[in-house]
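Novice: A predicted structure for the sequence below; I have some questions about it.
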Amino acid sequence: METPEERKITPDSELADGDWEHLLQKSRASGPARLKLVATSRQPGEFLRWAGGWSGAIGAVFFLLGILFFFASNWKEMSPELRLGVLQGCVGVATLSACAFGLRDSIGRWLLVAATVLVGVLLAVFGQTYQTGADSFEVFALWAGLTIAWVVLAKYVGLWLLWFAIAQAALSLYAGQVLVPDDLLTWSGSFVLQSLFSLAGLILWEWLSPKPSFSWLSGNWIRVVLVTTAAVWLSFCPWRWIFDIFSSRDMDAGTLIGGLLWVASMGVGIWFYQKVRFYISAMSVCLFSVGIISVAAIARLLIEIEDDSAGIYLFIGLVSVVIFSLIATWIIRVSRSQNTPTLPPTTKS
Amino acid sequence: MKLRELQEQGMIDSAEEAAASLNHRGEEEPSTPLLARVALVIGAWLSGIFLSFFFGLLFQDIFDIPPVPTFLGLFVIAGSLLLFWKTSGLFLEQLALAINFAGTVLFVVGTAAWSDDFMTGIGDEILIVLIAVTLLCPFVFLLSKNPVQQFISLGWVFTFGWIETFEEASTALLLLLLTLSLLLFLFSWLRNGGPILNASTKFASLASCLAALFLLSASIMGWNGSFLEPAIPIIRTLVPLSLGGVLIWLHWGCDGKRILGCVAFTILLFAISWAGAAGVAFALGLMVLSHLVGDRFLAGLAPVLLAGFLILFYYFLGVPLLTKSLWLLGIGAALLVNCTLLLRVLRPRLYPS
């Protein structure tokens, strides 16, 4: 059989499906000629299928929103029992429907995500109705605690990521509402704690996702989300040093530990995603973090020395050019040496 | 279908060229990885910000004389245009953009100071700056080779147009901006036919059009509603006519049924626009147009716009939530019926195979 590589196209050969894509991309046709070319490339009746599909999607969204608004408009008139009853009913219906569809089915999984979100809404409404006086971290912690069983049972990466975000929010609120006000930790210490939590999530994911029994966790987009989250939390201490406490030269232990943790994590991240488990997007996130914080630190240092000299700003501009050109060169070199696309497809096993 | 037939029907220029292009696909030089491009863009813009400070400090002694920053800004903008013309490469392109941005900031600051010093009788610096950036915009738009620079030049006009609407009622100016943006958009479609080619002008025009429609949404939100009143009927007419006009033009020469379909769709857009949802009509028209000409960028953008304008429209509709819910239920049911009709009745009947 003739392979696509061997196929030689002449003006009189029949066009295959894959040829149209390239032809449309390179075509210089405009106006009615373009319209005709696009229409010829498609199946007959394609426009009706497209219009029908969109009409159905928008119609379904409108209809569901209509139901939601209908309840919302009567919310005040509802008794607390009815409100909680409606929400509990929704949680119950969503969970039972998820079980009926099956927890491995995509509709079932989305229903479980809906049920997880509704548990949070239920807790918030409960707290508002009965004025429990609970701190908001308790709501998030309870939310994470109540839904962890679903995450384990469903084996669905979207739900796992949602749970991780809820847990991180609970920890963040706990730090802001208890640890820092009670002098158990400084702000820098709380940033270190949250950085460690997000790093733990990333390490756990990197350890489990290649295992066949955890194949449901795989997906490179999750890696990018987790690396970016960790890089953002890790960068809080260096930012704090650059903007808050640089001039006093009085760096507290938390900021120092946070700064060192950022340096170590970025170094390990660049090495790990370049040499051990090649993934250029994750490596680039670490490089960007290094580049931006380095420019900010150099700028802060130089402006501290002389803030009204035009030459200083010209120099900082040149430094940023050099740093980011080096980063671009690094990415290009690594990308070409590996001969792999910048954003490789998911390595789902 | 063969390439020769496509050429005979006027859909491609040369069957031989198209065949050669198809045979050599995938042999192009590998482009710079996206993330390396992002790094270059960040570097260029960071250096652009520091360059702005450099210019500011370098000329701070003569900055008190108002024409200086104005003319210095013009000089820097001209430099950035020249950089686009004379150089190539992503980094220099981005640096030129950053320099252009710095130049426009200088120009705006200088013009505001100038109007404050010498035109105190007028008493409206924002209006003077708006007029200045409006006068500057066509020059940058026409002379620039870069879509982002074109977009930024229009963005300045709309930013100050937006600020001005808060300051004082200037209906005539607003009307002019709205009409200009829709005409630019229309001109762009007619010149390029809406395909991938010359996406720059199309993108810039689209951005201006969106800004115009967003300005119009101010009337829905009730900001200085009264002074926008005269603009509303014009926009409600211009939106469906411009998009419907392009649709009919694209189908010119097709059979009567298709033209009739386009006219019916234009009437539908007209009805939606006059029902108070000009933004929704615009997004719907754009969805259909971009799908028909196979423009992926706009086809992806249009549903996002549709969602945005729908939310804006419903949020500020000014009717009780219960009425809104009944409207949503009614329209939702009608659209679901329409979906069934199109997919289960009309499509099988027209295309039995």
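Specialist: Now that the structure is in, tell me what you want to look at.
Novice: quick check: the gap between the residue nearest the centre of chain A and A:V232.
Specialist: Centrality entry for chain A: nearest residue to the mean C-alpha point is A:V225, 3.7 Å, by Cα atoms, centre = their mean. For A:V225, the distance to A:V232 (Cβ to Cβ, to the nearest Å) stands at 11 Å. All C-beta atoms are positioned from the backbone trio N, CA, C, and that covers glycine.
Novice: tally of neighbours for the closest residue to B:R37 other than its chain neighbours?
Specialist: The shortest distance from B:R37 to any residue that is not its chain neighbour, by Cβ to Cβ, 6 or more residues apart in numbering or on different chains, is 5.7 Å, and that residue is B:L90. In terms of burial, B:L90 registers 15 neighbours under the definition other Cβ atoms under 10 Å in any protein chain shown.
Novice: show me the shaky parts of the chain.
Specialist: I went with chain A, as the question did not name one. Under the criterion pLDDT under 70, the flagged ranges of chain A are A:1-7, A:30, A:132-133, A:245-250, A:307, A:339-349.
Novice: not quite, go with chain B.
Specialist: Within chain B, the segments meeting pLDDT under 70 span B:26-32, B:63, B:116-124, B:162, B:164-231, B:316, B:353.
Novice: domain map for it?
Specialist: B:39-168, B:173-317, B:319-353 (automatic domain parsing).
Novice: also chain A?
Specialist: A:57-184, A:187-349.
Novice: tell me which of those approaches B:L341 most closely.
Specialist: When the domains of chain A are ranked by distance to B:L341, counting by Cβ to Cβ, first place goes to domain A:57-184 at 11.5 Å.
Novice: anything in that closest one near chain B?
Specialist: Yes - under the criterion of Cβ under 8 Å from any Cβ of the partner chain, domain A:57-184 makes contact with chain B via A:58-70, A:72-74.
Novice: just to revisit the earlier point, B:V133 is nearest to which of the domains of chain A?
Specialist: For the domains of chain A, proximity to B:V133 was assessed by Cβ to Cβ; domain A:187-349 is nearest, at 25.4 Å.
Novice: I'd guessed A:L217 sits against A:G158; true?
Specialist: No - between A:L217 and A:G158 there is no contact, the gap being 10.9 Å when judged by Cβ atoms under 8 Å.
Novice: do the helix or strand in which A:W233 is found and chain B meet at all?
Specialist: Assigning secondary structure by DSSP states H and E places A:W233 in helix A:220-243. No - contact between helix A:220-243 and chain B is absent, the nearest approach being 10.9 Å (criterion: Cβ under 8 Å from any Cβ).
Novice: which strands and helices sit next to that helix?
Specialist: helix A:157-174, helix A:187-208, helix A:253-271, helix A:280-305 (3 or more Cβ pairs under 8 Å, 6 or more residues apart in numbering or on different chains; DSSP states H and E).
Novice: just name the most buried of the domains of chain A.
Specialist: The highest average neighbour count among the domains of chain A, using mean count of other Cβ atoms under 10 Å in any protein chain shown, belongs to domain A:187-349 at a mean of 18.
Novice: off-centre distance for it?
Specialist: 15 Å (Cα atoms, centre = their mean, to the nearest Å).
Novice: tell me which of the helices and strands packed on helix A:220-243 lies nearest to A:T329.
Specialist: Of all the helices and strands packed on helix A:220-243, helix A:280-305 comes closest under Cβ to Cβ, at 10.8 Å.
Novice: does the closest one come close to chain B?
Specialist: Yes - Helix A:280-305 lies within reach of chain B by Cβ under 8 Å from any Cβ, at A:I280, A:S281, A:S284, A:L287, A:F288, A:G291, A:I292, A:V295, A:A299.
Novice: which residues touch the spatially closest residue to A:F126 that is not a sequence neighbour?
Specialist: Nearest residue to A:F126 in three dimensions, chain neighbours excluded: A:L84, at 6.5 Å (Cβ to Cβ, 6+ apart). Each residue near A:L84 by Cβ atoms under 8 Å, 6 or more residues apart in numbering or on different chains is listed here: A:L122, A:V125, A:F126, A:T129.
Novice: B:Q150: which of these is nearest?
Specialist: A:V125 (49.5 Å).
Novice: show the backbone phi and psi for the closest one.
Specialist: Its backbone dihedrals place A:V125 at phi -70, psi -40, with angles given as degrees, to the nearest 10.
Novice: does it touch A:L87 like I think?
Specialist: Yes - the pair formed by A:V125 and A:L87 meets the contact definition of Cβ under 8 Å, at 6.1 Å.
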